[in-house]
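[1] Let me see the structure of the following:
(2 chains)
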Amino acid sequence: MEALAAVGNRVRRVLEIVQDMTLFCVSVLRSAFFPPYYRHEIVEQIHFSLIGSLFIVMFTALVAGQALAIQLARELAKQGAKSELGHFMVISSVRALGPVLTGIVVASRMSAGITAELGAMKSSDQIDALVAFGTDPMKRLVAPRMIGLWIALPVLTVIGDTLNVIGGGFIGLGYHVTFQSYYNGVAKYLTPVNILVGMIKPIFFAVLITTVACWKGFTAAGGAKGVGAATTESVVISSVGILVTDFICTKLIFRVLGW
Amino acid sequence: MIEFRNVTFSIGDNTILINVSFRVTKGQTRVILGPSGSGKSTILRLLMGLWVPDSGNIFVNEEDITRVAPERLREIRRSIGIVFQHGALFDSMTVGENIGYTMLEDKHGEEEIEEKVDKYLTMVGLDHDVRDRLPDELSGGMQRRVAIARALAARDPEILLYDEPTTGLDPQSAERITDLILGLRDRMGKTSIMVTHDIADAFKVGDRITVLDRGIVVFEGTPEELNRAGDPFIAEFLAPFRKAVAAARRREPMTTPGGLP
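    Coordinates of the predicted model:
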């Protein structure tokens, strides 16, 4: 009976957290869509998330693209379809791997940074000080981060996708896939719809990363240890959340497009 | 000007304040005194509208802030300046940006902000060259003075709240802060509430003192009345302070020049 009550309490707690995060997400979106805007903070956040994540996104995209191309090239060669490498690279990179990989890399970096910063601000009363001086922390701290990621994440995804595909091309050369043949496959399947499918996901990833990271920062308690724990949880929830969001987005997009 | 009327507040199952009532008239400095965990800082957070009481009313200039709309509450907050425990300065901003924060928010001109920042730095006894330094580069005492300057610069508030303004400071810095608080009351007629567990500060600064014990008001009156109070909790609470004063008096002849044999 006690075990049942404990499970019940745990489920209730999880539901409460989901409810709190959903309400927080609604206020995040409201603060991002309606003025006033803190332009200086938005520019700062775009710089922090875009320029700050650029190198790591480029590096991981290039490496992951090459690893994917090795797998694909070997299998396609067995089937005598090496010329399809460009096709498969575009579909897997632009539609699936690129956005997810970029999302997870950016989530790891940004979630940790945002939660640690906001958690430290909360534990030193800086967030209460903002409220006391008549500033809405959602407007000043959260909305610029959301808008920054809305701009940075799609741009980083495009860069990541491009390097994924370029990396695949280099691997293809090693498997005697000519540049022309690879390019033809890429050009044929790099359609506006495929690009759009890949570009919709980062918008949702940005909402997820900002909501989780800011909520964890705002609710961090227990000093440095508490902020550390909140930061870890923030990275884990964001990363897993990106995979779940990717699955949901893919299912919905396929249904909408009738694929 | 400020009134707490039967305010009760709890966080979860933990009751922090029970039926707290007191009144602060214009130009008066009220000290909320009590041991750690007695609910002192909660009073300031409730007064800023950062938390909402379970029951009771909080009046600022005859307006019940527990019943006003969020927009009105934001306006009321503009008439209140607060100095948080440990300062709570924005650590990503310079001293000048911290002091000029509300002016920047209100889109004042750059020159005007610089001028006022210098004015408030002078008022709290800091050199103008600290303006471009980050809060982390200042001592604890200087950070508190910047926090007071920031609170004053926040739209020249009628009411000032101080949350443990001298905690963790050396005696000289603490004295400088309490002198500053007294100066602001005497020169500018600010209405203030200071939360502290330091009995000496309470006697020095307070026009009236409220003593809290585990969320309950156990004393309300002038410093002189507090000194005469016979309540066992107050006697016990004041005992270390009285012992220190007595010890200092006993040693006085030895430390005065020529007092040593």
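[2] Pull up the residues of the stretch 1-150 of chain A that are close to chain B.
    Proximity of the stretch 1-150 of chain A to chain B (CB under 8 Å from any CB of the partner chain) is limited to residues A:124-126, A:128-135. C-beta coordinates here come from the backbone N, C-alpha and C atoms, glycine included.
[3] Can you tell me which of these end up in helices?
    Using DSSP state H, A:126, A:128-132 are the members of the residues of the stretch 1-150 of chain A next to chain B that sit in helices.
[4] Sort out which of these are buried, if you could.
    Buried members of those, scored by 16 or more other CB atoms under 10 Å in any protein chain shown, are A:126, A:128-132.
[5] could the ones in helices among the residues of the stretch 1-150 of chain A next to chain B go into JSON lines alongside pLDDT and distance to residue A:188?
    Listed next are those as JSON lines, based on pLDDT from 0 to 100; distance: CB to CB, whole Å:
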{"residue": "A:126", "pLDDT": "95", "distance to residue A:188": "54"}
{"residue": "A:128", "pLDDT": "92", "distance to residue A:188": "57"}
{"residue": "A:129", "pLDDT": "93", "distance to residue A:188": "57"}
{"residue": "A:130", "pLDDT": "93", "distance to residue A:188": "53"}
{"residue": "A:131", "pLDDT": "91", "distance to residue A:188": "55"}
{"residue": "A:132", "pLDDT": "89", "distance to residue A:188": "60"}
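[6] about what we covered before: spatially, which two of the residues of the stretch 1-150 of chain A next to chain B are the most separated?
    A:124 and A:134 (19.3 Å; CB to CB).
[7] Could I get the contacting residues of the nearest residue to residue A:77 once chain neighbours are set aside?
    Once flanking residues are discounted, residue A:77 sits nearest to residue A:175: 5.9 Å by CB to CB, 6 or more residues apart in numbering or on different chains. By CB atoms under 8 Å, 6 or more residues apart in numbering or on different chains, the contact list for residue A:175 reads A:73-74, A:77, A:82, A:85.
[8] out of these, who has the most neighbours?
    In terms of neighbours by other CB atoms under 10 Å in any protein chain shown, the contacts of residue A:175 top out with residue A:85 at 25 neighbours.
[9] Which residues are in contact with that one?
    A:69, A:72-73, A:76, A:168, A:172, A:175, A:177, A:181-182, A:185.
[10] quick one: which of these is nearest chain B?
    Closest to chain B out of the contacts of residue A:85 is residue A:168 (41.5 Å), distances taken as CB to the nearest CB.
[11] can you pull the contacts of whichever residue of the stretch 51-200 of chain A sits closest to chain B?
    Closest approach between the stretch 51-200 of chain A and chain B, counting by CB to the nearest CB: residue A:125, at 3.7 Å. Contact analysis of residue A:125 by CB under 8 Å, 6+ apart lists B:84-86, B:88.
[12] swap the cut-off to 10 Å and go again
    Going by CB atoms under 10 Å, 6 or more residues apart in numbering or on different chains, residue A:125 touches A:132, B:41, B:45, B:50, B:82, B:84-89, B:163.
[13] before we move on, what about residue A:61?
    So residue A:61 contacts A:93, A:97-98, A:101-102, A:105, A:156-157, A:159-167 (CB under 10 Å, 6+ apart).
[14] can you give me phi and psi for residue B:22?
    phi -170, psi 170 (degrees, to the nearest 10).
[15] Report how many residues lie close to the closest residue to chain A within chain B.
    Of all residues in chain B, the one sitting closest to chain A is residue B:88 (3.7 Å; CB to the nearest CB). Residues near residue B:88, counting by other CB under 10 Å, number 24.
[16] pLDDT score for the closest residue to residue A:58 other than its chain neighbours?
    Of all residues not flanking residue A:58 in the chain, residue A:163 sits nearest, at 5.6 Å (CB to CB, 6+ apart). For residue A:163, the model assigns a pLDDT of 94.
[17] can you check residue A:113 too?
    94.
[18] ok, it - contacts?
    Counting by CB under 10 Å, 6+ apart, residue A:113 has contacts A:48-49, A:52, A:145, A:213, A:217, A:231, A:234.
[19] Tell me which helix or strand it sits in.
    helix A:98-123 (DSSP states H and E).
[20] Please, where are all the helices along chain B?
    Using DSSP H, helices in chain B cover B:40-47, B:70-77, B:95-99, B:101-105, B:110-123, B:140-153, B:171-188, B:199-205, B:223-228, B:232-255.
[21] Make JSON lines from those and add mean neighbour count, distance to chain A and mean pLDDT to it.
    Below are the helices of chain B laid out as JSON lines (neighbours: other CB atoms under 10 Å in any protein chain shown; distance: least, CB to the nearest CB, whole Å; pLDDT from 0 to 100):
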{"stretch": "helix B:40-47", "mean neighbour count": "23", "distance to chain A": "7", "mean pLDDT": "94"}
{"stretch": "helix B:70-77", "mean neighbour count": "15", "distance to chain A": "5", "mean pLDDT": "89"}
{"stretch": "helix B:95-99", "mean neighbour count": "24", "distance to chain A": "9", "mean pLDDT": "95"}
{"stretch": "helix B:101-105", "mean neighbour count": "19", "distance to chain A": "5", "mean pLDDT": "90"}
{"stretch": "helix B:110-123", "mean neighbour count": "16", "distance to chain A": "14", "mean pLDDT": "92"}
{"stretch": "helix B:140-153", "mean neighbour count": "24", "distance to chain A": "8", "mean pLDDT": "92"}
{"stretch": "helix B:171-188", "mean neighbour count": "16", "distance to chain A": "17", "mean pLDDT": "88"}
{"stretch": "helix B:199-205", "mean neighbour count": "21", "distance to chain A": "20", "mean pLDDT": "91"}
{"stretch": "helix B:223-228", "mean neighbour count": "14", "distance to chain A": "28", "mean pLDDT": "89"}
{"stretch": "helix B:232-255", "mean neighbour count": "12", "distance to chain A": "26", "mean pLDDT": "76"}
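[22] Give the phi and psi angles for the residue of the stretch 51-200 of chain A closest to chain B, as a check.
    Residue A:125 has phi and psi values of phi 70, psi 10 when expressed as degrees, to the nearest 10.
[23] where does it land on pLDDT?
    Here the pLDDT value assigned to residue A:125 is 92.
[24] Look up how far residue A:104 lies from it.
    33 Å (CB to CB, to the nearest Å).
[25] try residue B:200
    Distance of residue B:200 to residue A:104, given as CB to CB: 56 Å.
[26] Check residue A:238 too.
    According to CB to CB, residue A:238 stands 8 Å off from residue A:104.
[27] Quick check: neighbours shared by those two?
    The contact lists of residue A:238 and residue A:104 share A:205, A:209, where a contact means CB under 10 Å, 6+ apart.
[28] out of these two, which sits in the busier spot?
    Higher neighbour count among residue A:238 and residue A:104: residue A:238, with 28 against 21, using other CB under 10 Å.
[29] Let me know the helix or strand that that one is in.
    According to DSSP H and E, residue A:238 maps onto helix A:223-257.
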